[in-house]
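Q: what's the 3D shape of this:
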Amino acid sequence: MEPVAEDRQSHFQQIRARAVSEMAEIGVGPEFIPVLVDTFYDRVRGHPQLGPVFEARLAGRWPEHLAKMKRFWSAVAFKDGGYQGKPVMAHQGIANLEAPLFKVWLGLFSDTLDDIAPSAEAKGWFMAAAERIAKSLVLSLFYNPADDDPTRRSA
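A: Residues are numbered from 1 along each chain as shown. As a prediction, the model looks like this:
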């Protein structure tokens, strides 16, 4: 391996090792991710607002979606590089997806963590990550710069 590639590989190994250590400090191991994803999406499917939106998009494809979400959350928590998707593109064009649903999603995610997170620190960590993700998606999917134009605001 050439020196630049070795340095890069070493850098990624250090990031992953630090993430594993940080997760362990808050009581999270790799086994938590499937529990989180399965529990949360079971609740999503039964939710009166979120369930229909998800079902319309994922009918017949739930196993693939759950596997993808497990890779996603593992990559977020453990920096393992297992997720290579494009979340913004995946959420574009979803029928009945509206910005306020992200607050509902976050509330259900928080309730799920209340029930299954191994520690308060774990809940805080995952909620902070979910809030950043939701904010990014909302801005990417729904933000209109014209809304910030002071000349268009009513007095």
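Q: where does this structure dip in pLDDT?
A: In the predicted model of the chain, residues 1-3, 152-155 satisfy pLDDT under 70.
Q: Tell me how many other residues crowd Glu25.
A: Glu25 is flanked by 12 other residues according to other C-beta atoms under 10 Å. Yep, even glycine has a C-beta here, placed from its N, CA and C like the rest.
Q: For it, list the residues it contacts.
A: Glu121 (C-beta atoms under 8 Å, 6 or more residues apart in numbering).
Q: gap between it and Ser119?
A: 9 Å (C-beta to C-beta, to the nearest Å).
Q: do Met23 as well
A: 11 Å.
Q: Compare the two and say which one has the larger neighbour count.
A: The neighbour comparison of Met23 against Ser119 (other C-beta under 10 Å) goes to Met23, with 20 against 12.
Q: Which of the three states applies to the more buried one?
A: At Met23, secondary structure determined by DSSP: H, G, I helix; E, B strand; the rest coil is helix.
Q: Numbering from 183 from now on, please.
A: In the new count, where the first residue is 183, that last one comes out as Met205.
Q: That one touches Ala199, doesn't it?
A: No: shown here, Met205 and Ala199 do not form a contact pair, counting by C-beta atoms under 8 Å, at 10.9 Å.
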